[in-house]
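>>> Below: sequence and its predicted model.
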Amino acid sequence: MTSAAQVHPIQGHEVALPVQIRDAAVASAMFAVPAAAAQAVIAYSGLEIAEPMAGRAICSLAFVRYADGDLGPYHEFAVAFLVRPPGTPPPSGGLGRLRGMRDVGAFIHWLPVNQEFTLECGRSIWGFPKELADIPMDLAGRVKRCAVQFGGRTAIEVAVRPGAPMPGGAGAPKVDAYSCLDGVTRRTPWTLTPSDVRMRPGGAKVVLGDHPVAEELRALGLDRARALSSTTVGHLSMTFDPAEEVHS
């Protein structure tokens, strides 16, 4: 039985935790960016950037079509950075940095969505920095495409070319997602079950437009960087657990 503390009234509906996403499709790309610049971008969170390579951080761009889930159907775009768990000292040496990547989480810096219900759920339940935008998306074509637009002006466009099929079970089954809203940093455990996963080196094109986040990404060099890797997931189910505060 779900306790009262795990039920959130949102727009006349009761949202019970953990929230279930039964089917979604994803395209994403990962980029190496200057660690010092990335740290400056997320300084407001109190978290520390992970550095798999000395002086380099990882920025991820992802777009998701949620087809069936407790928050309804919607489109979402995410800008995220890999971060160390709070209180974890920076690892030393190349081997230490690689070992440290096993425990990293994803800090969600920007999370536009195209539906009001998931916007309110995301902000009030987990503290995700959701904002409303138009997010035209094509996941049916050979090249997966997405744009984020405000009032007809494009903030960012991303195109991802799928790679080779990966064995069943590929991907990270558990992820700690971090967010910071209104000065409070939170950790939300996610459980992911992907299928129809394809990966490749490179494979992504980014076009940046007119938006503060686009300017941040441009300063990180994403308008000219080659992706480390690109991933598409044909079907993804997820569980979002309650959030816990890690900074206040």
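Looks like it arrived, so ask away. Numbering: from 1, shown residues only.

>>> Quick one: neighbours of H235, just the number.
When neighbours are counted by other CB atoms under 10 Å, H235 registers 15. No exception for glycine: its C-beta is placed from N, CA and C like everyone else's.

>>> which residues does it form a beta bridge with?
S195 (DSSP bridges).

>>> That one and V197 touch, don't they?
No. When contacts are counted by CB atoms under 8 Å, H235 is not listed as touching V197 (9.2 Å).

>>> Can you check my assumption that R102 lies in a helix?
Yes. R102: assigned to a helix according to DSSP: H, G, I helix; E, B strand; the rest coil.

>>> Contacts only, for it.
By CB atoms under 8 Å, 6 or more residues apart in numbering, no residues touch R102.

>>> any idea how far it is from A62?
Using CB to CB, to the nearest Å, we find R102 at a distance of 21 Å from A62.

>>> Would you confirm that M30 contacts A227?
Yes. Counting by CB under 8 Å, A227 is a contact partner of M30 at 6.4 Å.

>>> so where do the helices sit in this protein?
For the chain, the helices defined by DSSP state H occupy 35-41, 93-100, 116-121, 212-219.

>>> Including distance to T231, could those go into JSON lines?
Shown next, in JSON lines, are the helices of the chain (distance: least, CB to CB, whole Å):
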{"stretch": "helix 35-41", "distance to T231": "20"}
{"stretch": "helix 93-100", "distance to T231": "20"}
{"stretch": "helix 116-121", "distance to T231": "22"}
{"stretch": "helix 212-219", "distance to T231": "19"}
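
>>> can you tell which of the ones you listed is closest to E244?
helix 116-121 (17.2 Å; CB to CB).

>>> Provide the contact partners of the closest one at residue level.
With contact meaning CB under 8 Å, 6+ apart, helix 116-121 is reached by 8, 10-11, 13, 15, 19, 66, 71-72, 74, 76, 113, 130-132.

>>> Please pick the buried ones from the residues you listed.
8, 15, 19, 66, 71, 74, 76, 113, 130 (16 or more other CB atoms under 10 Å).

>>> Tell me what the first one is bridged to.
Beta-bridge pairing for H8 (DSSP bridges): V15.

>>> Would you agree it is in contact with I125?
Yes. Applying CB under 8 Å, one finds H8 in contact with I125, separated by 5.2 Å.

>>> Show me whatever sits in contact with both of these two.
Contact criterion CB under 8 Å, 6+ apart; residues shared by H8 and I125: 15, 17.

>>> Tell me which helix or strand in this structure has the weakest average pLDDT.
Each helix and strand of the chain was given a mean pLDDT (mean pLDDT, DSSP states H and E); the minimum falls on helix 93-100 at a mean of 56.

>>> thought I58 was touching L82?
Yes. Between I58 and L82 there is a contact under CB under 8 Å: 4.3 Å.

>>> These two: who's more crowded?
Taking neighbours as other CB under 10 Å, I58 and L82 compare with I58 leading, 23 against 19.

>>> who does the more buried one bridge with?
Under the criterion used here (DSSP bridges), I58 is bridged to A32.

>>> coming back round to it: list residues touching both of I58 and L82?
In terms of CB under 8 Å, 6+ apart, I58 and L82 are both contacted by the residues 50, 52.

>>> Tell me, how many residues neighbour the nearest residue to V197 once chain neighbours are set aside?
Spatial nearest neighbour of V197, excluding adjacent residues (CB to CB, 6 or more residues apart in numbering): M166 at 4.3 Å. Residues within reach of M166, counting by other CB under 10 Å, total 16.

>>> Would you mind giving me the confidence score for M166?
Here the pLDDT value assigned to M166 is 90.

>>> In this structure it contacts R198, no?
Yes. M166 lies in contact with R198 (CB under 8 Å); the separation is 6.5 Å.

>>> Low-confidence stretches in this protein?
By pLDDT under 70, the weakly predicted segments of the chain are 1-5, 92-101, 169-172, 247-248.
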